[in-house]
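**Student:** coordinates only, no sequence provided:
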């Protein structure tokens, strides 16, 4: 049976019906394989983003290490606040100060050294709430959906607000995507020759905008080069990406995950994490008629 | 037989030997499939770049159209020089003036309108030297090499100094690559909603650096996320990309095309087209021991 971790009902039926229509040769909604592009947000869509983004835990672990051997760094108010988990106090020091400290945790590393640092950290990571390794944070119904899409000739991309170099490492293991199938926020790099080897060295500065909101549409064009026909997200930062798929010439499937399952995961609905002034994504989804998936009602199993 | 459009000899043998080694399971040079990434320059490497970049001919045709209906534009010295094909006179007006006029030829179009403009132009294009359509400008030996690499589990990317949105259109037809397998220079885009549809509108400004030299390495990381093990180019703008492959931990194959065939194509060697001060790529290739392919001696057939 397709999508076994999905309960029978209108959401599961909408997905299966859509896939049947766009792959029915000769049918009115048929879409040629080259145009079967699906984009998925990552945090809160493919895996758990609470109590904090997993990448934030990775960065804070590194900051803790740095502070342990650098009293000046450890004494800074913004660092104290971040390491105490007091985000309100950290925010008082200013967004720039927070960003500078966080971006500096891995500056100076080559892109390949950074990759290995992520791999090492992942090996020992346990989720603070569920006490599972990172492989236990992935939503089983979403893995099934990725596989089902691929089985219908779709190419699947992860379009994340997270750091592209972080998500690439986890994405190959968790979602079966290639590094080039991940689009995300990036830091600037310097071209260098170190001991005769060409390397790229990470700087403590973002390259362009964080990959949220309208920049997700621009980065989809820059990296993928085609308008997606399937888009899946869970927050206001995914709105424009969903609208991009929704307003194309082809039949589209737009899915929003509603976190409403306090028992098996977390219940925080469509809360706008990064921009509190944005329209909640559940409101947007209702207006456009997108498929809103209830984690509580539509998923028989949550984690893979 | 593999590579039928290649003459027997040391270059063809070097390629076949390399592919045999990196795919021999259990052998000392074995490379797992996930790391089999090949990058190809486009102009002068996969297809003909003389008497001018094909994309330049596309842009000039559009400028000619615009000038025909805009006397102010037609009267500008830089436009007159460009349309007369007098690049020296155009350069006298300054690089910025030239870039502004050229970038403005397609500003205001959505990315999807631009794609259709390229497709329409391609339909009627004939090469001014060979009087063939654009499909007749592709090097047959390179198409064979792309196919052979794919047959050995490689993923093939085009990494071009040309405009990514232009090369994507031709690339899918000529090289069998997806839009997301093309990395190139890009223009800035504006996110807009036009008549309720989310679109991206081209601006008359480059997004970041032209994709030549060290930026090719940065863009390979940004888009592909892995160090290539095979790199193929033909000019000084490909040097850093070739060095990136050459200096990795894996066995690499670096190939430089030498245009030395005045009879069947053009003879201009490793001339540095965009940066006359750069070391000629043939000199670099000799120092690193890269495989230099003579179009005249190594290819039994040039065009596909």
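**Tutor:** In hand now; what should we look at? This is a predicted model, so every value here is computed, not measured. Numbering: from 1, shown residues only, chains lettered A, B, ... in the order given.

**Student:** the residue in the stretch 51-200 of chain A positioned nearest to chain B: how many residues sit nearby?
**Tutor:** Residue nearest to chain B within the stretch 51-200 of chain A: residue A:179 (3.1 Å; Cβ to the nearest Cβ). For every residue, glycine as well, the C-beta is placed using N, CA and C. Neighbours of residue A:179 under the rule other Cβ atoms under 10 Å in any protein chain shown: 20.

**Student:** equivalent analysis for residue A:33, please.
**Tutor:** The local packing of residue A:33 (other Cβ under 10 Å) involves 10 other residues.

**Student:** not counting its neighbours along the chain, what's nearest it?
**Tutor:** Closest residue in space to residue A:33, ignoring its immediate chain neighbours: residue A:153 at 4.3 Å, by Cβ to Cβ, 6 or more residues apart in numbering or on different chains.

**Student:** how about the one you found, secondary structure?
**Tutor:** Residue A:153 carries the three-state label coil when classified by DSSP: H, G, I helix; E, B strand; the rest coil.

**Student:** which stretches of chain A form strands?
**Tutor:** Here chain A has its strands, by DSSP state E, at A:37-40, A:155-163, A:182-185, A:187-194, A:197-206, A:230-233, A:253-260, A:267-269, A:291-294.

**Student:** what residues does chain A put near chain B?
**Tutor:** Selection of chain A residues close to chain B by Cβ under 8 Å from any Cβ of the partner chain yields A:34, A:111-112, A:155, A:157, A:164-165, A:168, A:172, A:178-182, A:186, A:189, A:191, A:193, A:196-198, A:200, A:207, A:214, A:217-218, A:221-227, A:240, A:243-244, A:246-248.

**Student:** now, which of those lie within helices?
**Tutor:** Judged by DSSP state H, the residues of chain A next to chain B include A:111-112, A:164-165, A:168, A:172, A:214, A:217-218, A:221-223, A:240, A:243-244, A:246 as members of helices.

**Student:** now list the buried members of those residues.
**Tutor:** For these, a neighbour count by 16 or more other Cβ atoms under 10 Å in any protein chain shown gives the buried set as A:111-112, A:164-165, A:168, A:172, A:214, A:217-218, A:221-223, A:240, A:243-244, A:246.

**Student:** where does the prediction get shaky in chain A?
**Tutor:** Under the criterion pLDDT under 70, the flagged ranges of chain A are A:270-274.

**Student:** ok, the residue of the stretch 51-200 of chain A closest to chain B to residue A:216 distance?
**Tutor:** 19 Å (Cβ to Cβ, to the nearest Å).

**Student:** again with residue A:54
**Tutor:** Taken as Cβ to Cβ, the span from residue A:54 to residue A:216 is 19 Å.

**Student:** between those two, who's got more neighbours?
**Tutor:** Higher neighbour count among residue A:54 and residue A:216: residue A:216, with 29 against 22, using other Cβ under 10 Å.

**Student:** what's around the nearest residue to residue A:227 once chain neighbours are set aside, how many residues?
**Tutor:** Spatial nearest neighbour of residue A:227, excluding adjacent residues (Cβ to Cβ, 6+ apart): residue A:248 at 4.6 Å. When neighbours are counted by other Cβ under 10 Å, residue A:248 registers 19.

**Student:** doesn't residue A:229 make contact with residue A:248?
**Tutor:** Yes. Contact criterion Cβ atoms under 8 Å: residue A:248 and residue A:229 qualify, at 6.5 Å.

**Student:** contact partners for residue A:126?
**Tutor:** A:132, A:133 (Cβ atoms under 8 Å, 6 or more residues apart in numbering or on different chains).

**Student:** phi, psi of it?
**Tutor:** Recorded main-chain torsions at residue A:126 are phi -130, psi 140, according to degrees, to the nearest 10.

**Student:** ok, the one 5 residues further on next?
**Tutor:** Residue A:131 has phi and psi values of phi 50, psi 50 when expressed as degrees, to the nearest 10.

**Student:** and it, how many neighbours does it have?
**Tutor:** 8.

**Student:** quick one: it and residue A:141, what's the gap?
**Tutor:** Note on residue A:131: its distance to residue A:141, by Cβ to Cβ, is 22 Å.

**Student:** got a list of contacts for stretch A:147-158?
**Tutor:** A:2-3, A:15, A:19, A:22-23, A:33, A:36-42, A:46, A:146, A:167, A:171, A:175, A:177, A:181-184, A:220, A:223-224, A:228, A:230, B:178, B:180.
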